[in-house]
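Starting from these lines, generate the structure:
(one chain, ligands or ions: 1)
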Amino acid sequence: MAEENQGTSESRSQTENKPQTNNNKKPNQNRKPNQNRKPNNNKSKSKNRYRRQPTPVDENLKSFVQKNQDGHKKRLNPHYKLDLNSNAKIRITPLGGLGEIGGNITVFETEKEAILVDVGMSFPDEDMHGVDILVPDFSYIREIRKKIVAVIITHAHEDHIGAMPYLYKEMQFPIYATPLPLAMIGNKFDEHHIKEARRHFNPIEKRKIYQIGEDFEIEWMHMTHSIIDSSSLAITTKAGTVIHTGDFKIDHTPVDGYTADLHRLAYYGDKGVLCLLSDSTNSYNPLPTPSELSVGPALDRVFAKAEGRILLSTFSSNIHRVYQAIQYGIKYGRKVCVIGRSMERNIEIAMQYDYIKFPKNIFIEADEVSQMNDKEVLIVTTGSQGEPSSALFRMSIGEHRHIKIKPTDLIVLSSRAIPGNEGSISGMLNHLQKAGARVASDKDIHVSGHASIEEQKLMLRLTNPKFFLPVHGEYNHVMRHKETGIMCGVPERNILLMTDGEQIEIAPKFMRKVKTVKTGKTYIDNQNNHQIEDDIVLDRQKLASDGIVMIVAQIDGQTSKMLAKPRVTTFGIVADRQDKYFAKEMEDVLEHFLIHMKEGLISNTRALENDLRQIVRKHIYRKMKKYPLIVPNVFVH
Ligand SMILES: [Zn+2]
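Numbering: from 1, shown residues only. Down below sits the predicted model:
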């Protein structure tokens, strides 16, 4: 808990002053060893000869220095801009997106109402076999379902909207967002056969304040990011205004010219911001994130050297990247073939809604590529992460229906590896290069979509919040962002590092953790869009790491003896040639078990199997240090 009182003003001005005092000291210390000796003698002489009378202080001037200092304090201290008499509170609960990258979903709650900000998905770890995506646990949403008045979306990335169909199959609320996120959510609803959920759409206009429910006023403020039509949110309740940056970078020269709406952020900052939630993804990066526009010339240089076809792959949601690639393709007289379901769909949406414009005749179909001169072809495709189902991966192993890789092909990967995908990307590069293709991996053909330290500072200074919650990142990212927050004048006690499920309560006078709610992940199989139960995934992990043992035994109910040798089958435990030896071992274990088992157990097959499982488990662990799945089947005759 961070109680807040008059002390803030002092502690803040101290923070502001400290670096200055240090700065003043340094130059003096430096000067001494270098310039001291000779000049010093001269100085002392001249001091004696022309001793100056002190200049009289102009009291009026001095009073203005004081006035300006008071002005700075007022301007920089958000504390007094808030309604300190208000007892109103807002509660913030991240249900995903903290302690992890992805799966963003946050609940904002007043006494009577609640909103969800973003409903995203994330990707599984390698040991979650057969799991394609992860969806946040909706338990808490179920619990407060009656309070929820809206779902608010910041932007259309999968980690912010990907779980929408799974939520809407179960419960539905009005959805407020700008057009691109709504169009992309609409596509998801269609794919999941819940078209009718589109009736919950409420498209919004940026720079307008929307009354949502009775307790919330929300403004969407335009932001630059690696997907177009992104927004920051100003969420105002009786407790004050909370700024949620969404994902952002500050791009002063975005491809469409629509810069981040710094003016609105500054407006709120000047009025007084209760709390800032800001993107921590790149909180380690000391260099400013380059503009998306800087990728253009880099693509130009790479394209200029191409001797055959160009195959460019990037995130299909990065519309401006794709737009620039196509522009430079056209410059070199190439026709454009778009391959990959998400790439085709996203370009289609962006053109349908006039976010980008191209003449229709520059596009060709995949089956037309072979009839074209290689130097006249640009293929824009998915697969920059080496996903085995993607178009580029299938091309790399010669399994794409229309496109076979040629030695004259130039592959341009305009993306970075999402952590965890390095292996699959490297594998795909091996295939592409074995097929003879050249791969362009220039550093400047990709830029990040997230704010680096300097932009995070700008956000902190513009919004000038009383409380600060670094979000969107693993623990070490938010921790680093906290340091930046302190540098930018937020007192340390006014910053909290949240983890998923922690509920934070904020009022103008304090911020504190109040409780923890249930969070977690639901596993989804993409083949059928259905949930996979947790125990199935656990079983798969066990199978993959420790194998399985099946024992089938026939037992005489009277004598408790085996009627025949048990059948023992194993997978992933012993090599085939040791099967017989292992089966004998299991037979001995079983025999020993039958002799020593509790009286009466023979009449309860289920309990018998359970006990046998325990004995076998202990035996195998002692010998092999493994915990395989053990499946005993005992038939008592
Ligand atoms: Zn994003």
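
Find me the pLDDT at A417, would you?
For A417, the model assigns a pLDDT of 86.

Start the count at 24 instead of 1 going forward.
In the new count, where the first residue is 24, that last one comes out as A440.

Pull the contacting residues for it.
Contact analysis of A440 by CB atoms under 8 Å, 6 or more residues apart in numbering lists Q408, I448. The C-beta positions use only the backbone N, C-alpha and C, and glycine is treated the same way.

Roughly how far does it sit from M395?
Using CB to CB, to the nearest Å, we find A440 at a distance of 31 Å from M395.

for Q347, same thing?
Applying CB to CB to Q347 and M395 gives a distance of 22 Å.

more crowded one of these two?
Between Q347 and M395, Q347 has the larger neighbour count (other CB atoms under 10 Å), namely 23 against 14.

residue contacts, the residue nearest to the more buried one when sequence neighbours are not counted?
Spatial nearest neighbour of Q347, excluding adjacent residues (CB to CB, 6 or more residues apart in numbering): G319 at 4.8 Å. Shown in contact with G319 (CB under 8 Å, 6+ apart): V278, Q347, Q350, Y351.

which one among those gets closest to the ion?
Closest approach to the ion among the contacts of G319 (CB to the ion): V278, at 16.4 Å.

Where does the closest one sit: helix, strand or coil?
coil (DSSP: H, G, I helix; E, B strand; the rest coil).

Pull up the gap between the closest residue in space to it that isn't next to it in sequence and G319, please.
Distances taken as CB to CB, 6+ apart put H343 closest to V278, at 4.2 Å, once the chain neighbours are dropped. According to CB to CB, H343 and G319 sit 10 Å apart.

Need the residues touching each of those two.
The contact sets of H343 and G319 overlap at V278 (CB under 8 Å, 6+ apart).

quick one: C360 and V403 touch, right?
Yes: if you go by CB atoms under 8 Å, C360 and V403 touch, sitting 7.3 Å apart.

Neighbour count for the two, which is higher?
More crowded of C360 and V403, by other CB under 10 Å: V403, with 27 against 23.

For that one, pull up the helix or strand it's in.
Element membership for V403, per DSSP states H and E: strand 400-404.

Render the CA-only coordinates of that strand in CSV, please.
Extracted C-alpha coordinates of strand 400-404, given in CSV (Å, rounded to 0.1, in the frame of the first residue of the first chain):
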residue,chain,number,x,y,z
VAL,A,400,7.4,-11.0,-59.3
LEU,A,401,7.1,-10.0,-55.6
ILE,A,402,5.6,-12.6,-53.3
VAL,A,403,4.3,-11.3,-50.0
THR,A,404,3.7,-14.1,-47.6
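
what packs against that strand?
Here strand 400-404 touches strand 333-336, helix 342-354, strand 358-362, helix 364-375, helix 414-419, going by 3 or more CB pairs under 8 Å, 6 or more residues apart in numbering; DSSP states H and E.

helices and strands around the last one, which ones?
Using 3+ CB pairs under 8 Å, 6+ apart as the contact criterion, the elements in contact with helix 414-419 are strand 333-336, strand 400-404, helix 445-457.
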